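> structure of the sequence below:
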Amino acid sequence: RHTHLVEMHELWSENDDVNPGESEEKLDPDGLTKEQIRRLVNELMRHVCPNISFQRGKSKEIRKNLFLEVIAHCGLTNSSVYGGGDVFDIYACPEDGELPHGKTFFDHMKGLRLEEMLEMFDAAIESMVGGAQDIGLYDRPVDIAIDVTTVEYTGIGKTFSFETIADPDNDDWGARERSEVKEAIEEWDLEPIVGEDPADIKHANFDDPDKRAAAKRVRDCVQWVNGTKKQDEDIEYGFQFAAAAFAEHTCPMIYGVEPIDSRSGEELANHVSQFVERAQDLVVVDTVYMDAAYGRCSEVHNQFHYGHGFRTADRFDVEYVVKMEERKRVKREVLEERYKIDHRFEEGDTPLSIKRNYGFGDHHSGSGNAHTTLVAIGKWDKDDIEDKETDRVVFATNHQGDDPADLRRFINGYRDRWIIENGFKEVKKFLADTRSSDHRPRLFYFLFAILLFNTWMLVDRLAKKRLGMEFAGEPLIKFEVFVAAVANFMRPVD
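Numbers count the residues shown, from 1 in each chain. Next up, the predicted model:
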């Protein structure tokens, strides 16, 4: 009722040897019983379910949380709302009757605007963070990590182009392109724009409302789909999301998500601004760690105060570290040390190269100028640096310390960014399966998977609190146990 975690005495009696509703012989002296885990999961789902709504009005034909229960089941079993929904029917209460059809789920998700989904996600996160703080988490300044993750795209729309839509029977196209474009024309009802100019299709430049609507459907259905690097989990095409996490060993939590339309400097800078502001609303922010995608943009560096310049309201007065792509100029400046540099590479305890007031940006493009400090530091898997160019990597930071040893310790904190990398891998375990080309169900599934992951982390930390254990370390409640608890025991919390 008060958006706080359930009080401890509601889960366990004051007598350490006896738990409510359980006999002594059922107790596990080294951990928690299934009943205790079930209670923890149910209480923590109260932070999620009340904040997620499909805007169904006051209809009572289907109880409020049945949709979320089915989607949770599909996420935990990596199944679709079609096949997985049928399996879930085994677990449904008899009074529920027949479950909604899979199409009904998609209709509800497609009825939500992007802004509505993100607002509901933010409300659930705020409730979760409040619950975490109730048990002593995030009680000190918190590091945050900002990264980009890719969710594999398996729907149609990967190989066809605006040109193939305009002329689907052209012999210049390969068999796969012709097959995909004809499938897309049928599925998305694109017949009105077949034969039109590709540029007009791309920009929906039509007076005819049917043609304009068809052109917009193409753009909407492949929105956020980008080609990826081959080494990116072997994903060729995928939906890409920027995400931010509390990079805390005590309790990792992904608290912010933004779909990526392009990787322009302006868009990436907006992500950083939103994520830092959101984090400051929830916790006290210490250091911001960012992936290399953000390092190349002067607009991102300009989000942070640097050096002895004036502190202005539009810049964050927090320290950051970002991995830099080793492009020609960066390589020459700090790895090769070709020009004037503040600290040169030397054998010893602090083999750093430091270039302060490194400036980049383009006045002519309007992107503005930015300044930062470049630091070349040894790779973490290298005990000895034999080649200062190949055995080191480059970071940028606004940290103003003069001591190279102190700067090295500060940069090494970037290792905590890997918490979000591991978090992404775990989140994908909670993703419901879909081949839908529509970006709205994809976003909803991703947001809901994150909330399930966060719930797992909080369940584990609350259990550790009960047993007097340290928060950090390997989860006490294993993934499989959490999955079983949610899939088998989650009940409506209306």
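> okay, and the beta partners of the spatially most central residue of the chain?
Centroid-nearest residue in the chain, with CA atoms, centre = their mean: A243, separated by 3.6 Å. Legend: beta-bridge partners of A243 under DSSP bridges are D147, V257.
> from memory it sits against D147, does it?
Yes. Counting by CB atoms under 8 Å, D147 is a contact partner of A243 at 6.2 Å. Bear in mind the C-beta positions are built from the backbone N, C-alpha and C, glycine included.
> got any residues that touch both of these two?
Contact with both A243 and D147 is made by residues I420, F424, according to CB atoms under 8 Å, 6 or more residues apart in numbering.
> A242 against E258, yeah?
Yes. Using CB under 8 Å, A242 is in contact with E258, at 4.7 Å.
> from K478, how far out is S436?
Distance of S436 to K478, given as CB to CB, to the nearest Å: 31 Å.
> quick one, which of the two is more surrounded?
S436 (19 against 12; other CB atoms under 10 Å).
> my read: the more buried one touches L443, true?
No. Judged on CB under 8 Å, S436 makes no contact with L443 at a distance of 11.0 Å.
> what is in contact with these two at once?
Counting by CB under 8 Å, 6+ apart, nothing touches both S436 and L443.
> gap between the closest residue to S353 other than its chain neighbours and R344?
Spatial nearest neighbour of S353, chain neighbours left out: A376 (4.1 Å); criterion: CB to CB, 6 or more residues apart in numbering. To R344, A376 is 10 Å away according to CB to CB.
> what residues are shared contacts of those two?
S353.
> who has more neighbours, the two?
Using other CB under 10 Å as the criterion, A376 and R344 rank with A376 on top: 30 against 12.
> on the three-state scheme, that one is what?
strand (DSSP: H, G, I helix; E, B strand; the rest coil).
> between A242 and E258, tell me which one has more neighbours.
More neighbours surround A242 than the other of A242 and E258, with 24 against 20 (other CB under 10 Å).
> return the set of buried residues in stretch 166-182.
Using 16 or more other CB atoms under 10 Å as the test for burial, stretch 166-182 gives A166, P168, W173, E177, R178, E180, V181, K182.
> distance between the ends of that stretch?
One end of stretch 166-182 to the other measures 11 Å (CA to CA, to the nearest Å).
> now do it: distance to the chain's middle.
35 Å (CA atoms, centre = their mean, to the nearest Å).
> just stretch 439-447 next, same as before
Relative to its chain's centre, stretch 439-447 lies at 12 Å (CA atoms, centre = their mean).
> next: stretch 334-349.
Distance, stretch centre to chain centre, for stretch 334-349: 36 Å (CA atoms, centre = their mean).
> please save the CA atoms from that stretch in PDB.
Extracted in PDB, the C-alpha atoms of stretch 334-349 (Å, rounded to 0.1, in the frame of the first residue of the first chain):
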ATOM      1  CA  VAL A 334      48.400   9.400 -26.900                       C
ATOM      2  CA  LEU A 335      49.400   6.000 -28.000                       C
ATOM      3  CA  GLU A 336      52.200   7.100 -30.400                       C
ATOM      4  CA  GLU A 337      52.900  10.300 -28.400                       C
ATOM      5  CA  ARG A 338      53.700  12.200 -31.600                       C
ATOM      6  CA  TYR A 339      52.800  15.700 -30.200                       C
ATOM      7  CA  LYS A 340      53.000  17.700 -27.000                       C
ATOM      8  CA  ILE A 341      51.700  15.600 -24.200                       C
ATOM      9  CA  ASP A 342      51.300  16.200 -20.400                       C
ATOM     10  CA  HIS A 343      52.600  12.800 -19.200                       C
ATOM     11  CA  ARG A 344      54.600  10.400 -21.300                       C
ATOM     12  CA  PHE A 345      54.800   6.600 -21.200                       C
ATOM     13  CA  GLU A 346      57.400   5.300 -18.800                       C
ATOM     14  CA  GLU A 347      58.200   1.900 -17.600                       C
ATOM     15  CA  GLY A 348      57.100   1.400 -14.000                       C
ATOM     16  CA  ASP A 349      54.000   1.400 -11.900                       C
END
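> pull the residues that contact it.
Contacts to stretch 334-349, defined as CB under 8 Å, 6+ apart, come from residues 326, 332-333, 351-356, 374-376, 388-389, 392, 394, 404-405.
> so of those residues, which ones are in helices?
Residues of the contacts of stretch 334-349 located in helices (DSSP state H): P404, A405.
> what about the contacts of stretch 334-349, which are in strands?
Among the contacts of stretch 334-349, DSSP state E puts S353, I354, K355, R356, L374, V375, A376, R392, V394 in strands.
> my guess is the third one contacts H371. True?
No. Here K355 lies out of contact with H371, judged by CB under 8 Å, at a distance of 10.7 Å.
> of these two, who's got more company?
Set side by side, K355 and H371 show more neighbours around K355, with 21 against 18, by other CB under 10 Å.
> neighbours of the closest residue to R327 other than its chain neighbours, just the number please.
Excluding the flanking residues, the one nearest R327 by CB to CB, 6+ apart is R296, at 7.7 Å. By other CB under 10 Å, 18 other residues sit near R296.
> residues contacting R296?
Taking CB under 8 Å, 6+ apart, we find R296 in contact with G265, M324, E325, R327.
> likewise for V427?
I254, F446, A449, I450, F453.
> what is the neighbour count of G359?
10.
> for Y320, helix, strand, or coil?
Three-state call for Y320 (three-state DSSP): strand.
> could you find the closest non-adjacent residue to it?
V288 (4.2 Å).
> surely the one you found is in a helix?
No. Looking at V288 with three-state DSSP, it is strand, so not inside a helix.
> from the chain's centre, how far out does stretch 392-409 sit?
Using CA atoms, centre = their mean, the offset of stretch 392-409 from its chain centre is 27 Å.
> what's the average pLDDT for it?
Averaging pLDDT along stretch 392-409 gives 88.
> mind listing what's buried in the helix or strand hosting R278?
R278 belongs to helix 265-282 when elements are defined using DSSP states H and E. Buried residues in helix 265-282, defined by neighbour count with 16+ other CB under 10 Å: G265, L268, A269, N270, H271, V272, S273, F275, V276, R278, A279, L282.
> quick check: the fourth one vs D460, distance?
If you measure N270 against D460 using CB to CB, the figure is 33 Å.
> repeat for the third one
Counting by CB to CB, the separation of A269 from D460 is 35 Å.
> the first one too?
G265 is 38 Å from D460, where distance means CB to CB.
> what mean pLDDT does the helix holding R278 have?
Mean predicted confidence for helix 265-282 is 93.
> phi, psi of G174?
With angles defined as degrees, to the nearest 10, G174 sits at phi -70, psi 170.
> so which bits of the longest helix seen in the chain are buried?
Using DSSP H to define each element, the chain has its longest helix at helix 439-466. Of all the residues in helix 439-466, those buried under the rule 16+ other CB under 10 Å are 439-464, 466.
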